[in-house]
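Asker: when you get a sec, could you give me coordinates for this:
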Amino acid sequence: MKNSFKSNLVLLMTAVIWGGGLVAQKAGAVLQPFTYNGIRMFIGGLALIPVIYLLKVAGKDKSAGSSREVKRDEKEDKKNLLIGGICCGCFLCLATSLQQFGFYFETSAGKTGFITSLYIVIVPLLGLFLGKHVRTLIWVSILLGAFGFYLLTMAGKREGFRLSTGELYILLCVVAFSVHILAVDCFSPKCDGIRLSCVQFLTSGVIGIACMLIFETPVLSDILDCWLPILYCGVISTGVGYTGQVLGQKDTEPAVASLILSLEAVFSVIFGVLILKEHLTIIEGIGCAVIFAAVVIAQIPSQNKSI
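Answerer: Predicted coordinates:
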């Protein structure tokens, strides 16, 4: 019970950190999307290197088996790590770039947090294409999520059923994040999770920086002016946040862990109001509540193997 409480507290702090990360991304939207995203992703990958080293030192006495078996396993692990890291990194780059474009086109941090959380609902839906069944509660959460998304983005607008440019990018990023999660689900059992995360961040960063040099005109003074949002997302949100997730999930049930981490959306609204002076209308607030309810329902455990 004591270990569970500590783990839940760590996960809660992780959700707070990630919620602040969305605010930092919004603050960094003064930079062009590939510029901000490429640099912060690359820094995020570098931030995980000392974490990997420390965990390796801490577990160095736990190796077992013959040297030949260890070498064979290490070779296979490195292969899976490289292929999986590059694959996941490409999807991650696409997802986070779309999200940053959403910020660039003036979507608030609070809205972004709740819209992005819909990936928890969309992932099972995409699982249909992999031959997996979707349980009834997921269909309920999908309908609730769609209704909440309508309230958050469209209700009360004079133009009616019309997404803003930023909201469209965020919606596309949710689909990309969902595909990324399926890719991580495929590769994570085959290699170390933190190493996989490190490789995917570095891959995403390299692709982002390459796109920056090709499609954008980065200005060094502007990048230096955004040093705090970049470092927060790169070091705190990525390095500290991901490590907190790994440590926190150690003694917490997956459903409970997912629910606590989904509070990232709530904290993104709170920090958006406190730091960026954002505000939500009553209808938009109801939309956030409906989306959060959809996310909670989607995480209720099932008794069978359906999604």
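Asker: touching, Val179 and Leu92? I think so.
Answerer: No - at 10.0 Å, Val179 does not count as touching Leu92 under the criterion of C-beta atoms under 8 Å. The C-beta positions use only the backbone N, C-alpha and C, and glycine is treated the same way.
Asker: so for these two, which residue has more residues nearby?
Answerer: Neighbours per residue (other C-beta atoms under 10 Å) separate Val179 from Leu92, with Leu92 holding more: 28 against 18.
Asker: measure that one to Leu228 for me?
Answerer: Using C-beta to C-beta, to the nearest Å, one obtains 23 Å as the distance from Leu92 to Leu228.
Asker: and what of Tyr169?
Answerer: 24 Å.
Asker: and if you look at Ile39?
Answerer: Computed as C-beta to C-beta, the Ile39 to Leu228 distance reads 13 Å.
Asker: between those two, who's got more neighbours?
Answerer: More crowded of Ile39 and Leu228, by other C-beta under 10 Å: Ile39, with 24 against 11.
Asker: how many neighbouring residues does the closest residue to the more buried one other than its chain neighbours have?
Answerer: Spatial nearest neighbour of Ile39, excluding adjacent residues (C-beta to C-beta, 6 or more residues apart in numbering): Ile230 at 5.7 Å. Neighbour count for Ile230, taken as other C-beta under 10 Å: 25.
Asker: check Val121 too.
Answerer: 27.
Asker: where's it relative to Arg135, distance?
Answerer: Distance, Val121 to Arg135, using C-beta to C-beta: 12 Å.
Asker: how about Leu224?
Answerer: Distance from Leu224 to Arg135, by C-beta to C-beta: 50 Å.
Asker: if you count surrounding residues, which of those two has more?
Answerer: Applying other C-beta under 10 Å to Leu224 and Arg135 shows that Arg135 carries more neighbours, namely 17 against 9.
Asker: need the residues that contact the helix or strand hosting Ser197.
Answerer: Assigned by DSSP states H and E, Ser197 belongs to helix 193-215. Contacting residues not belonging to helix 193-215 are listed as 32, 34-35, 37-46, 48-49, 51-52, 55, 81-82, 84-86, 88-90, 92-93, 96-97, 184, 187-188, 218, 238, 242-243, 246 [C-beta atoms under 8 Å, 6 or more residues apart in numbering].
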